[in-house]
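>>> predicted model and sequence below, questions to follow.
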Amino acid sequence: MRAIWNGTVLAESDDTVVVEGNHYFPTAALRHDLVRPSDTHTVCPWKGTASYFSVEVDGQVNEDAVWYYPDPKPKAAMVADRVAFWKGVTVSE
C-alpha cells in the first residue's frame, strides 16, 4: 500500500492494518522528512487520544493529514506504532 499526496509518496508498506476503513501503516514506513508534529488532538471512545502530523510537500502544507494513537486503548492495540491518513491523501496499492 502507498499513501500519496501531491504526487509524493508519504508512506509505503505491505504491512498495513485496516481499521474502520483506514489503512494504518507502520510508523517506520512514514517519511518523517515530510511531516511535522501538530498540536491537534482528538478522542475516539474506543481507540483513545489521537495525535497528528501535518504534511509539507513542495512548499504546500496539508494540516493534520496524518494521525496516530501514541497510547491506544487495549481494544485498539492493533494501531499501536502505526499512522493513518486523510485530507486528500490517497491510499492505494
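On my side now, so go ahead. Numbers count the residues shown, from 1 in each chain.

>>> run a quick neighbour tally on the nearest residue to K47 once chain neighbours are set aside.
Closest residue in space to K47, ignoring its immediate chain neighbours: A76 at 3.9 Å, by Cβ to Cβ, 6 or more residues apart in numbering. C-beta: built from backbone N, CA, C; applies to glycine. Around A76 there are 16 other residues, counting by other Cβ atoms under 10 Å.

>>> kindly report the same for the one 10 residues further on.
In terms of burial, W86 registers 14 neighbours under the definition other Cβ under 10 Å.

>>> who are the contact partners of it?
Contacts of W86 were listed using Cβ atoms under 8 Å, 6 or more residues apart in numbering, and they are 22, 65, 67.

>>> leaving out sequence neighbours, find the closest residue to the first one.
Of all residues beyond its chain neighbours, the one nearest N22 is A84 (4.4 Å), with distances taken as Cβ to Cβ, 6+ apart.

>>> how far out from the middle of the chain is the helix or strand D64 falls within?
With elements taken from DSSP states H and E, the one containing D64 is strand 60-68. Distance of strand 60-68 from the chain centroid (Cα atoms, centre = their mean, to the nearest Å) equals 8 Å.

>>> that one packs against which elements?
With contacts taken as 3 or more Cβ pairs under 8 Å, 6 or more residues apart in numbering; DSSP states H and E, strand 60-68 sits against strand 35-44, strand 48-57, strand 82-85.

>>> so the residue nearest to K47 sits in a helix?
Yes: the assignment for A76, made by DSSP: H, G, I helix; E, B strand; the rest coil, places it in a helix.
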